[in-house]
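1. Below: sequence and its predicted model.
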Amino acid sequence: MSDVQKQMIEFSTMDLVKAVSTSRKLPLAEAMKVVYKSPFFLKLQDPETGLYRESKAYLIRRFNQECQ
């Protein structure tokens, strides 16, 4: 995995945590737990899935579909 991919994955993860916090009305620390413990997080961390290249709106939509 390249440094650029790692950075993009970090940014996507931060965006997802913020979106989960907002949409579920959770403090950031709680939203982090929800995201990091989800199976979706493993997919996001895998550069082969390409999820890190998707928009924040797409990520939160997929996250909500997979992690209700």
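-> Received the coordinates, thanks.
2. What is the lengthiest helix in the chain packed up against?
-> When the chain is parsed with DSSP state H, its longest helix is helix 3-23. Using 3 or more C-beta pairs under 8 Å, 6 or more residues apart in numbering; DSSP states H and E, the elements in contact with helix 3-23 are helix 28-36, helix 39-45, helix 56-66. Backbone N, C-alpha and C define where each C-beta goes, glycine included.
3. If I look at Q5, what pLDDT would I see?
-> At Q5, the model reports a pLDDT of 90.
4. for it, what are its contacts?
-> Neighbouring residues of Q5 by C-beta atoms under 8 Å, 6 or more residues apart in numbering: 47, 52.
5. contacting residues for the residue nearest to L59 when sequence neighbours are not counted?
-> Of all residues not flanking L59 in the chain, L16 sits nearest, at 5.0 Å (C-beta to C-beta, 6 or more residues apart in numbering). When the contact criterion is C-beta under 8 Å, 6+ apart, the partners of L16 are 35, 44, 56, 59-60, 63.
6. Max pairwise distance over those residues: which two?
-> Across these, the longest distance by C-beta to C-beta is 12.7 Å; it joins V35 and K56.
7. Neighbour count: these two, which is higher?
-> More neighbours surround V35 than the other of V35 and K56, with 22 against 14 (other C-beta atoms under 10 Å).
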